[in-house]
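Chemist: fold the following.
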Amino acid sequence: MAKISIVVPVYNEERYLKHCVDSIISQSFVDWELILVNDGSTDESPTICDAYADADTRIRVIHQQNKGFSGARNAGLKAVTGTYLILVDGDDWLEPNALKIGVEAMERHDLDLVIGGFNWTIANDVDIISANSVTPPEDYFFRTKDMGEAAPYLWSISPFAGPLHYCVWSRIYRMTIIRDHNLRFDESLFVQEDVKFMYSYLFYADRCMASKEVFYNYCRQYDKDDIAEKPQLDQYRCVEESLITFLKSVLKFNYPEEYQMQMYYRTYDHFIKLSNKLFMPSTGLTEAEQLHHVTCMTESFAFRFFCQVLGKTDPFWGSMQTLLEQRDYPGIHRDWAAKLEEGVAPAGE
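Modeler: Reported below is the predicted structural model:
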């Protein structure tokens, strides 16, 4: 039984996987197991995974048909033996002392969660274009019963601090909490699946820490476009699940109203970013198909929630509420397209 298990979902990561795995092998803390979940890759990723497993007995590989990030992570969760857990994406990498600092903090302070600092990195195949480090100035300890104070503080650390709340990487979990409450990723969600898992974990955790040390390097490729695929009517339900999860946390943690509004706008940012697919030439939708998507979008809980809550002070959502009451779907289609022309917020901001 390893002290800490590392689960890495792998789908066509041949360009980055070695960097990721090498960062784990070179950790100063050595009592770990690595579970590589090859999620139906069609490139050389399976061969790379098997080569690492052949060379190091601490590494295991699970090969499965493609199930997406949630399905891959769930397969890893079923296989772990460690006391603690960290999740790493196949195109990211760890800092050399990440596991050592995280495990020692968990044990020294009897914690349920350690949130590591991270570098938000934009890179191409050759160079790092930009990197923003996100850490509190000092180790920050908090209880989940005090999330009403802790969450706004963490959110204020940096314009890139959102992942401190809702992303599942760069943190150490206690596996007994995951096992005792049967926490799993929702495999029906293909975006924002990490939000539901992270908040579900916080519902059962108690003692937490945000580390001043950088654990993790989150890397987005400069040319990566994760909204270019053909839009799905079900995409809005994924955002709804995040919104519903956050509303549950509002009741449990009693977040202040200003912070609630920040999170509603954050969810709205993602909602509108997903809808941008409708108007991208690469998706090839006709105007009639776009209108059908927009009509379905207005039926979603998230859209109507934004109309009612944000529409009180936001002129755009106020106009959406009026058009919705008039059932003027062509008008919503027109004004929504105009809103998107203002630009979609960059990832991380």
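
Chemist: what does the residue nearest to the spatial centre of the chain show for phi and psi?
Modeler: Taking C-alpha atoms, centre = their mean as the criterion, Cys167 is the residue nearest the geometric centre of the chain, at 3.5 Å. Comment: the main-chain dihedrals of Cys167 come out as phi -80, psi 150, following degrees, to the nearest 10.

Chemist: mind listing what it touches?
Modeler: If you count contacts by C-beta atoms under 8 Å, 6 or more residues apart in numbering, Cys167 has them with Asp194, Met198, Tyr218. (C-beta placed from N, C-alpha, C; glycine too.)

Chemist: surely the second one meets Tyr166?
Modeler: Yes - if you go by C-beta atoms under 8 Å, Met198 and Tyr166 touch, sitting 5.4 Å apart.

Chemist: who has more neighbours, the two?
Modeler: Set side by side, Met198 and Tyr166 show more neighbours around Met198, with 22 against 19, by other C-beta atoms under 10 Å.

Chemist: can you pull the pLDDT of the more buried one?
Modeler: What the model reports as pLDDT for Met198 is 95.

Chemist: do the same with Leu291
Modeler: Listed pLDDT for Leu291 reads 90.

Chemist: on that earlier part again, and the contacts of Cys167 as TSV, adding distance to His109 and secondary structure?
Modeler: Putting the contacts of Cys167 into TSV (distance: C-beta to C-beta, whole Å; DSSP: H, G, I helix; E, B strand; the rest coil) gives the following:
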residue	distance to His109	secondary structure
Asp194	25	helix
Met198	20	helix
Tyr218	25	strand
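
Chemist: what's the pLDDT at the residue nearest to the centre of the chain?
Modeler: pLDDT recorded at Cys167 is 91.

Chemist: give me the element the residue lying closest to Arg60 once chain neighbours are set aside is part of.
Modeler: With C-beta to C-beta, 6 or more residues apart in numbering as the measure, Ile35 is the residue that lies nearest to Arg60, at 5.3 Å, once sequence neighbours are left out. Using DSSP states H and E, the secondary-structure element containing Ile35 is strand 32-39.

Chemist: tell me how many other residues surround the residue found closest to Phe203 once you drop the neighbours it is linked to in the chain.
Modeler: The shortest distance from Phe203 to any residue other than its chain neighbours is 6.4 Å, reached at Lys252 (C-beta to C-beta, 6+ apart). Around Lys252 there are 15 other residues, counting by other C-beta under 10 Å.

Chemist: just to check, Lys252 is in contact with Tyr204?
Modeler: No - the pair Lys252 and Tyr204 fails to qualify as a contact (C-beta under 8 Å) at a distance of 10.7 Å.

Chemist: what strand or helix carries the residue nearest to Phe203?
Modeler: Of the helices and strands defined by DSSP H and E, Lys252 is found in helix 235-253.

Chemist: between the next helix or strand after that helix and helix 235-253, how many degrees?
Modeler: Downstream of helix 235-253, the first helix or strand assigned by DSSP H and E is helix 257-275. Orientation note: helix 257-275 sits at an angle of 170 degrees relative to helix 235-253 (axes from the mean of the first three to the mean of the last three C-alpha atoms, to 10 degrees).

Chemist: any residues touching helix 257-275, and which ones?
Modeler: 148, 151-152, 155, 162, 191-192, 227, 231, 235-236, 238-239, 242-243, 246, 250, 255, 293-294, 297, 302-303, 305-306, 309-310, 336, 339-340, 344-345.

Chemist: mind giving me the ChimeraX select for those residues, buried ones only?
Modeler: Remark: buried members of the contacts of helix 257-275, expressed as a ChimeraX selection using 16 or more other C-beta atoms under 10 Å:
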select :151,152,155,162,191,192,227,231,235,236,238,239,242,243,246,250,255,293,294,297,302,303,305,306,310,336,339,340
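
Chemist: thinking again about what came up before, neighbouring contacts of the helix holding Lys252?
Modeler: Outside helix 235-253, the residues within contact range by C-beta under 8 Å, 6+ apart are 144-145, 147-148, 151, 166, 186, 189-193, 195-196, 199-200, 202-203, 255, 260, 263-264, 267, 270-271, 274-275, 277, 296-297, 300-303, 305.

Chemist: for stretch 314-332, same thing?
Modeler: The contact list for stretch 314-332, computed with C-beta under 8 Å, 6+ apart, reads 291, 294-295, 298, 303-304, 306-308, 310-312, 335-336, 339.
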